[in-house]
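**Q** coords please:
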Amino acid sequence: MTTETTAVHGGRLVARRLAAHGVTKLFTLSGGHLFSVYDGCREEGIDIVDVRHESCAAFAAEGWAKVTRTPGVCALTAGPGVTNGMSALGSALQNHSPMLVLGGRAPAMRWGQGSLQEIDHVPFVRPLTRFAATAGSTAEIPALVDEAWAAAVRPHSGPAFVDLPLDHVFMEAEDVRGDEEPAGRPAPPVPDLARALTLLADAERPVIMAGTNLYWSHGEDALRELVERRGIPVFLNGLARGCIPADHELFFSRARSAALKGADVALVVGVPMDFRLGFGKSFGDDTEIVTIDVAEPERDHPRAPAAELYGDVPAILAGLAEGDGPDTRAWVETIRAAEREKREGERELREDPRAPLHPMRLYAELGEVLDRNAIVIGDGGDFVSYAGRVIDSYEPGCWLDPGPFGCLGSGPGYALAAKLAHPDRQVVLLLGDGAFGFSGMEFDTLARHGVNVVGVMGNNGIWGLEKHPMEFLYGYSVAADLRPETRYDQVVEALGGHGELVREPGEFRGAIERAFEAGKPALVNVLTDPSVAYPRSSNLA
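**A** Numbering: from 1, shown residues only. From the prediction side, this is the model:
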C-alpha cells in the first residue's frame, strides 16, 4: 500500500475519498455550508449536479444507486437542507439503496450560540440510516467518509450520513492517500442449504418470488441458471424486475396469485413478506417457504419459513441449482394457462377507445415505442399501479419506483440520475398529476443540465388511490380532488422543455415519438378517465 501526505482543506479531503471510491457525480442544492466540498469536488473532477429542492438531490443519489448498483452521493446544506432530504433517506432505507449523504452543519466552535441553521441532525437521521456521525475535526473526515461508505454497502445496504461542521470542513489537515482495499464478500451460506435442497427434491409445484435484494446482490445470472435447470416459474417485484427477461419462458407476472397459492415450495429471494405478499398469506397454507437473502431479516417473518439461507445470494442460488427434482412441466403449463387467461382479459382495456383515456390503453401504446433496455420510472398512485402490472422489463435496473416507502416526488430525481448514468438509453418518467406537484419544478433541473428525460403523465384530476376507496367506504370523498385538465405540459414548456397535451387515444403515438425526438426534457400530458378505479389487491396494513 502506497501513501503520500499533503495538507488540504476538509472539503478536498471529502472529495478525495469520494473519488477514491469511484464517485463521479455529487447531487446537491447550493448552500454556503458546503462551499468547500464543492471546491474539493471541482478539483477532484467530480461533477456537481444542482437541483431545485434537496429532496430531489437525495432521490437522485438513491436513483444513481438503483441504476448503477454503486452508492449515490448527495450533499445537503445545514438545517432545512438535511430535513428536506429525510424522505429520500426513509425510501433508501426500505429499498436497501446504498447512498452517502453529506450534511452541512453549523460550526463546532460556536455550537449552541445560535448560528444560522444550527441543529443537531444526527439524532433524527440516525433511525433512517445505517450510519450517522459528525466529524469531530478536520483530520477525522477521511476515515469518517470511509466508515460511512462501508456501512452503506454492507448487507443490508442502505443510506449513511456524515455531518460536516462548517469550521472543520474549511480548515486544513494532512491527507494520507492510500490504495483502496478490496470490498469484503458476504458471509457464506448457512447450513439450511441441505434442508432447502431436500424440499426442492420433492417439490412438484415450486415457485420463485424474488425482489430487490436479488438485484443488489447481482444474483440475476445465478437465478436464471436455477430457474432453467429446475424448471421453476419465477415472479419478480421491486428492483428485481428485469433480472429474468419478461419474455423468458419461465417468467410470469399476471398469474402470481394462483402460482403462489398453489405452490408446494416457494423460494422467497431478497424480498420481505410485507404488505406486497400479504404478510405471508399470499402463499398457500401448506406452502413450504424457503427465505433467501443477503443477511438475516431486520424484522421477524410474519410466517415461519421451513428453511432460511442468508449470505452470498448468487452462491446460495448456485447451490440450489444442484441436484434433481420432479418434472415441473405440467405445473409450468398450469401457470402459463393462467397467465394467458389474465393477459387475454386485459385485451379489451388495452384497446379501449374512450377519451379521456383508460391507463391500460396508454400503456399499450407506450409499450410499442419503448426500447428493450429503456429505463422506466414510476412516480404516482393509480396511474403507476397500472404500469407496475403491465410494463415489461428485460434487463436489471430498468424499473424504478418508490418501493415500499411509497414516497411521491421521487421520480424526477431518479430520472435525472438514470439519464446521467445511461445517456444513450431511453429514460421514461411515468407520473401522475398528483405526483407532479411534489417535484415538477425539477423539469427546470433537467432542462438546465440537458437531461432529455421523457415524462408521460396520467392526468385524471384526482388522487385516484384515495378518492375511489373513500367513496366506496363512506359514499363521499374529501381532500381527493385536483384541478381537472391542468396544462402541466405548458408548465414544462415554460421551464425549458417540450410539452404536448393528449386527449384522444389516436394522439398519443405521435406525441410520444415527438417527445423522444425533441432533444430536451419532455412531458406528454395525457388526460385519463377519472372514473377508472384501480383494482386493489394488496393489504396496506
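**Q** so how far is residue 494 from residue 293?
**A** 47 Å (CB to CB, to the nearest Å). C-beta here means a position set from N, CA and C on the backbone, and glycine is covered the same way.
**Q** Neighbour count: these two, which is higher?
**A** residue 293 (25 against 11; other CB atoms under 10 Å).
**Q** what mean pLDDT does the one helix or strand residue 446 maps to have?
**A** Applying DSSP states H and E as the criterion places residue 446 in helix 442-448. Mean pLDDT, helix 442-448: 98.
**Q** Just checking, which helix or strand succeeds that helix along the chain?
**A** Helix 442-448 is succeeded, C-terminally, by strand 454-459 (DSSP H and E).
**Q** immediately after that following strand, which helix or strand?
**A** As the chain continues past strand 454-459, the following element, by DSSP H and E, is helix 464-474.
**Q** what comes up buried for whichever helix or strand comes after that next one?
**A** Using DSSP H and E, the helix or strand that follows helix 464-474 in sequence is helix 488-494. Residues of helix 488-494 classed as buried by neighbour count (16 or more other CB atoms under 10 Å): 488, 489, 491, 492, 493.
**Q** what's near enough to touch the fourth one?
**A** This means residue 492. 440, 443, 455, 498, 499, 521, 522, 523 (CB atoms under 8 Å, 6 or more residues apart in numbering).
**Q** Of those residues, just say which sits nearest to residue 348.
**A** Closest approach between the contacts of residue 492 and residue 348, by CB to CB: residue 455, at 27.5 Å.
**Q** List the beta-bridge partners for that closest one.
**A** Note on residue 455: beta-bridge partners residue 429, residue 523, judged by DSSP bridges.
**Q** Helix, strand, or coil at the closest residue to residue 488 other than its chain neighbours?
**A** In space, and not counting its chain neighbours, residue 488 is closest to residue 525: 5.1 Å by CB to CB, 6 or more residues apart in numbering. Of the three states, residue 525 takes strand under DSSP: H, G, I helix; E, B strand; the rest coil.
**Q** Convert the C-alpha atoms of stretch 353-373 to PDB, please.
**A** C-alpha atoms of stretch 353-373 as PDB (Å, rounded to 0.1, in the frame of the first residue of the first chain):
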ATOM      1  CA  PRO A 353     -61.300   3.600 -27.400                       C
ATOM      2  CA  ARG A 354     -62.500   6.000 -24.600                       C
ATOM      3  CA  ALA A 355     -61.500   9.600 -24.200                       C
ATOM      4  CA  PRO A 356     -60.200  10.600 -21.700                       C
ATOM      5  CA  LEU A 357     -58.000   7.500 -22.000                       C
ATOM      6  CA  HIS A 358     -58.000   4.400 -19.900                       C
ATOM      7  CA  PRO A 359     -54.500   4.000 -18.400                       C
ATOM      8  CA  MET A 360     -54.200   0.500 -19.900                       C
ATOM      9  CA  ARG A 361     -54.700   1.900 -23.500                       C
ATOM     10  CA  LEU A 362     -52.000   4.400 -22.800                       C
ATOM     11  CA  TYR A 363     -49.500   1.700 -21.700                       C
ATOM     12  CA  ALA A 364     -50.400  -0.500 -24.600                       C
ATOM     13  CA  GLU A 365     -49.400   2.400 -26.900                       C
ATOM     14  CA  LEU A 366     -46.300   3.200 -24.800                       C
ATOM     15  CA  GLY A 367     -45.000  -0.400 -24.900                       C
ATOM     16  CA  GLU A 368     -44.800  -0.200 -28.700                       C
ATOM     17  CA  VAL A 369     -42.200   2.600 -28.600                       C
ATOM     18  CA  LEU A 370     -40.000   1.500 -25.700                       C
ATOM     19  CA  ASP A 371     -36.600   0.000 -26.400                       C
ATOM     20  CA  ARG A 372     -35.700  -3.300 -24.700                       C
ATOM     21  CA  ASN A 373     -33.300  -1.500 -22.400                       C
END
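**Q** any idea of the mean pLDDT for it?
**A** 96.
**Q** roughly how far is that stretch from the heart of the chain?
**A** Here stretch 353-373 is found 23 Å from its chain centre; the criterion is CA atoms, centre = their mean, to the nearest Å.
**Q** Could you check it and say which residues are buried?
**A** Buried residues in stretch 353-373 (16+ other CB under 10 Å): 355-366, 369-370.
**Q** Out of those, flag the one nearest to residue 140.
**A** Taking these together and measuring to residue 140 by CB to CB, the closest member is residue 370, at 47.8 Å.
**Q** Run a quick neighbour tally on the residue nearest to residue 158 when sequence neighbours are not counted.
**A** Spatial nearest neighbour of residue 158, chain neighbours left out: residue 130 (4.5 Å); criterion: CB to CB, 6+ apart. Number of residues near residue 130 (other CB under 10 Å) recorded here: 22.
**Q** pLDDT at residue 191, what is it?
**A** At residue 191, pLDDT is 62.
**Q** correction: residue 7
**A** Value for residue 7, per-residue pLDDT: 88.
**Q** Are we agreed that it is in a helix?
**A** No. Under the criterion used here (three-state DSSP), residue 7 is strand, not part of a helix.
**Q** Surely it touches residue 139?
**A** No. Judged on CB atoms under 8 Å, residue 7 makes no contact with residue 139 at a distance of 10.4 Å.
**Q** hmm, back to that, give me the distance between the residue nearest to residue 158 and residue 97.
**A** Distance from residue 130 to residue 97, by CB to CB: 11 Å.
**Q** Now the common contact residues for the two.
**A** Shared contacts of residue 130 and residue 97, defined by CB under 8 Å, 6+ apart, comprise 157, 158, 159.
**Q** what's across from the last one in the sheet?
**A** In this entry, residue 159 is beta-bridged to residue 99, by DSSP bridges.
**Q** ok, it - how many residues close by?
**A** Residue 159 has 34 nearby residues by other CB under 10 Å.
**Q** what do you get for the first one?
**A** A count of neighbours around residue 157, defined by other CB under 10 Å, yields 25.
**Q** And the second one, by the same measure?
**A** As a burial measure, residue 158 scores 26 neighbours (other CB under 10 Å).
**Q** do residue 323 as well
**A** Counted with other CB under 10 Å, residue 323 comes out at 12.
**Q** i'd like the first residue to be 37 from this point on
**A** Renumbered: residue one is now 37, and that last one reads residue 359.
**Q** can you pull the contacts of the residue most central in space within the chain?
**A** Against the mean C-alpha coordinate of the chain, by CA atoms, centre = their mean, the closest residue is residue 436 at 4.6 Å. Applying CB under 8 Å, 6+ apart to residue 436 gives the contacts 99, 102, 103, 275, 411, 412, 413, 414, 450, 454.
**Q** Residue 457 reaches residue 100, doesn't it?
**A** Yes. Residue 457 lies in contact with residue 100 (CB under 8 Å); the separation is 6.2 Å.
**Q** which of the two has more neighbours?
**A** residue 100 (30 against 20).
**Q** Then the more buried one would be within a strand, right?
**A** No. Read with three-state DSSP, residue 100 is helix and lies in no strand.
**Q** tell me the phi and psi of the residue lying closest to it once chain neighbours are set aside?
**A** Taking CB to CB, 6+ apart, and ignoring the residues beside it in sequence, residue 100 has residue 108 as its nearest neighbour in space, at 3.2 Å. Per-residue torsions, residue 108: phi -90, psi 160 (degrees, to the nearest 10).
**Q** roughly how far apart are residue 432 and residue 257?
**A** 10 Å.
**Q** Name the residue in these two with the higher neighbour count.
**A** residue 432 (22 against 13).
**Q** ok but that one is inside a helix, no?
**A** No. Using three-state DSSP, the assignment for residue 432 is coil, not a helix.
**Q** Please name the residues that touch it.
**A** Contacts of residue 432 by CB under 8 Å, 6+ apart are 251, 256, 275, 276, 278, 279.
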